[in-house]
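Q: have a look at this prediction, sequence included:
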Amino acid sequence: MRFGRISNVLTEQDCHAITDKVKKIHPVWLNRSTCKPKVPFYTLGATTYLEGCEDIKKYHKHKSLLNPILNKHFRYLYDIVCDRLSIELDAPVVVDDMLGYPGFHIFGLKPGDTGNPAMLKALEQPLASIHLDIQYKEHGPYWKTYDEVDFENPLSFTLAIKLPKTGGGLYIWDWMKFDDGLIKDFNFQEEREKGDWISNQFIEHSKENIKNNPNLWENDSASFYKPDGNPLVEMYHEGSMVWFTGHVLHQIIPGYNLEPDDMRVTLQGHGVKCDGTWRIYF
């Protein structure tokens, strides 16, 4: 399990230009809100944890429609991401043409939408579940086309493009350990059950976890972090990337004190190392 930050992947000018391009193609955003009424939470790109889990054929159909659009507008961005990640991971990194290209999470109003205060307030509640990234499991038949595939250390990364004025980030439960059984079962529990489970795991295993591995990776906050069952708070910075490998429990930090013109735009991707090359997708 590894964790890293890559600073200055994009300049401020790059971030503005990419945000403008994301806005320009808003007709192909998909609203992913499960609230009623729906709140402004969108994705841009074929998304394994949504379409793939529901119907893998639907995922590939969406991929066929969206990959050419993403390639047209963001090929240079993918090149930058692959170059920076390959240096960080010390191995080649490529965008996988057989899967959905890394895509965007978008929190905020679409161009032309006026919205209302209630919609923005809804974004200040947890919209994403506490979860482990196991998207690779939906692509089992594809990985079998390679000789050596590492499922123990799947890659996840987030590149912040635009953040609300009050910021954005990720909660990370760095002391949690998961065996294969827990990995399979955890994501599909109700959120309250997850919270109870985390508390129980901390009570039962915290002494052993803290003694054997007080921090599963080097983290700037380690100097003042006291394991108490709560997550680390990893704040994002526009133009910079956060990445990790392995099964890391995490959750998107909700917005707070949002204003009508606030947006949160991040490039999201996952990867699996196949025959020595990281293949990234969404």
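A: Received the coordinates, thanks. Residues are numbered from 1 along each chain as shown.

Q: how about residue 168, phi and psi?
A: Here the main-chain torsion angles of residue 168 (degrees, to the nearest 10) amount to phi -160, psi 160.

Q: hang on, isn't it packed against residue 262?
A: No. The pair residue 168 and residue 262 does not pass the contact test of CB atoms under 8 Å, sitting 9.6 Å apart. Any C-beta I mention is one placed from the backbone N, CA and C, and that applies to glycine too.

Q: which neighbours do these two have in common?
A: Common neighbours of residue 168 and residue 262, using CB atoms under 8 Å, 6 or more residues apart in numbering, are residue 255.

Q: of the two, who's got more company?
A: Neighbours of residue 168 and residue 262, each counted by other CB atoms under 10 Å, are more numerous for residue 168; the result is 25 against 19.

Q: give the buried residues for the top strand by length along the chain.
A: As assigned by DSSP state E, the longest strand anywhere in the chain is strand 149-162. If you call a residue buried by 16 or more other CB atoms under 10 Å, then strand 149-162 has these buried ones: 149, 150, 154, 155, 156, 157, 158, 159, 160, 161, 162.

Q: ok, of those, which one's closest to residue 30?
A: residue 161 (17.8 Å; CB to CB).

Q: the residue lying closest to residue 60 once chain neighbours are set aside: neighbour count?
A: Across the structure, with CB to CB, 6 or more residues apart in numbering as the measure, the residue nearest residue 60 apart from its sequence neighbours is residue 46 (7.5 Å). Using other CB under 10 Å, residue 46 is surrounded by 26 other residues.

Q: report pLDDT for residue 46.
A: According to the model's per-residue confidence, residue 46 sits at a pLDDT of 95.

Q: element containing it?
A: In the assignment (DSSP states H and E), residue 46 maps to no helix and no strand.

Q: would you tell me what the next helix or strand after the longest strand of the chain is?
A: Next along the chain after strand 149-162, taking DSSP H and E as the criterion, comes strand 169-173.

Q: gap between that next one and the chain center?
A: Its chain's C-alpha centre and that of strand 169-173 lie 11 Å apart, by CA atoms, centre = their mean, to the nearest Å.

Q: mind giving me the packing neighbours of that strand?
A: For strand 169-173, the elements it packs on are strand 232-235, strand 249-252, judged by 3 or more CB pairs under 8 Å, 6 or more residues apart in numbering; DSSP states H and E.
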